[in-house]
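In: Give me a model of this one.
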Amino acid sequence: MPYIELDNQTANNLTAQAKSRGLTVAEYLSRLVPPAPNGHGDAPFADELDAELDELVLDLPTLPADFSRADIYDEHD
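Out: Numbers count the residues shown, from 1 in each chain. As a prediction, this is how the structure comes out:
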């Protein structure tokens with residue numbers, strides 16, 4: 001089971017919200033946070049996103065080899 005660390009005020013608020021609905025904190029949180037689209041957590045979603053990005057074909061010029069931070073901030077103080 002995943003573990004998250006909360007400050008006392010947030011933990012107390014979550015406990016009160018869950019109790020007012022007749023739920024445990026775990027049940028309440030599971031209703032607040034929707035399941036992952038593929039039901040497997042973040043990793044497969046990230047893999048799917050990477051695959052979609054790989055499919056994008058953008059015909060853009062590349063940056064020059066000597067591109068530097070100074071090129072970005074040249075017009076600023």
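In: worst-scoring helix or strand of the protein, pLDDT-wise?
Out: helix 42-55 (a mean of 73; mean pLDDT, DSSP states H and E).
In: residue ranges with poor pLDDT in this protein?
Out: Counting by pLDDT under 70, the ranges of the chain that qualify are 1, 36-44, 76-77.
In: what ranges do the helices span in it?
Out: With helices called from DSSP state H, the chain shows them at 8-20, 25-32, 42-55, 69-73.
In: Mind giving me the packing neighbours of the first one?
Out: Spelled out, that is helix 8-20. Judged by 3 or more C-beta pairs under 8 Å, 6 or more residues apart in numbering; DSSP states H and E, helix 8-20 is in contact with helix 25-32. The C-beta positions use only the backbone N, C-alpha and C, and glycine is treated the same way.
In: Check the second one too.
Out: For helix 25-32, the packing partners by 3+ C-beta pairs under 8 Å, 6+ apart come out as helix 8-20.
In: between the helix it packs on and helix 25-32, how big is the angle?
Out: Counting by axes from the mean of the first three to the mean of the last three C-alpha atoms, to 10 degrees, helix 8-20 points 90 degrees away from the direction of helix 25-32.
In: buried residues in helix 8-20?
Out: Going by neighbour count (16 or more other C-beta atoms under 10 Å), the buried part of helix 8-20 is residue 18.
In: Residue 52 - how many residues pack around it?
Out: 9 (other C-beta atoms under 10 Å).
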